[in-house]
Structure formats: structure tokens, C-alpha cells
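Trainee: what follows is a predicted protein model with its sequence.
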Amino acid sequence: MLVFPQIALQQLRQGKGLKSPGLSVIQFFEGVIDEMNSPTDEQAALIKITMEGKRMNYPERHDQKNLLNLHKAKIHLEMAIGLLS
């Protein structure tokens, strides 16, 4: 029963199964984050109130949701890079 953990770690070291992406992939995702840019002060304020549950009327609500989704995607990409680095 104690053998499989050592085998699993040996496989990881050998690059079998689940493995870390290469540097070029990490740099690609860093480029994606750079391209996404940062929110303006007004966009940051809208993101904040959206996260507090305030919703705009239609049709602006759709764009409000898209802005929040972009923000969340960028945060998740940053977290992923942090975990992979």
C-alpha cells in the first residue's frame, strides 16, 4: 500500500501523466493577461458594485456581466500562473 505514492512521484519526475506545462505555455498565458490589460477606475468601480449584487437595467446588464466575467477570467489566469510557477 505504501508503494503507490513513491511510484506516483517517480512518474511525476519522469514527466509521465500529469505534468507542468513548459515555460513557453506559461509565457503565453502571461501574454494573454497583459493583453487583457487592467480595468479603468470606472470599470473597477462597476466591477466592485456588480460583485456586491447591484445590477444595471437591460441592455447594459449584458455588458456589465461581460465586464465581470473578463475580470474573473483574468484573476483565474493569474492564479493559475501562480500555481504553475
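Mentor: Thanks, I have the structure now. Numbering: from 1, shown residues only.
Trainee: what's the longest helix in the chain?
Mentor: The longest helix of the chain (DSSP state H) is helix 60-84.
Trainee: which parts of it are buried?
Mentor: Applying a neighbour-count criterion of 16 or more other C-beta atoms under 10 Å, one finds Gln64, Leu67, His71, Lys74, Ile81 buried in helix 60-84. Any C-beta I mention is one placed from the backbone N, CA and C, and that applies to glycine too.
Trainee: helices and strands around that helix, which ones?
Mentor: helix 23-36, helix 41-51 (3 or more C-beta pairs under 8 Å, 6 or more residues apart in numbering; DSSP states H and E).
Trainee: give me the angle between that helix and helix 23-36.
Mentor: 150 degrees (axes from the mean of the first three to the mean of the last three C-alpha atoms, to 10 degrees).
Trainee: returning to that earlier point: can you lay out the helices and strands packed on helix 60-84 as a markdown table showing mean pLDDT and distance to Pro59?
Mentor: Converted to a markdown table, these look like this (pLDDT from 0 to 100; distance: least, C-beta to C-beta, whole Å):
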| stretch | mean pLDDT | distance to Pro59 |
| --- | --- | --- |
| helix 23-36 | 96 | 23 |
| helix 41-51 | 98 | 15 |
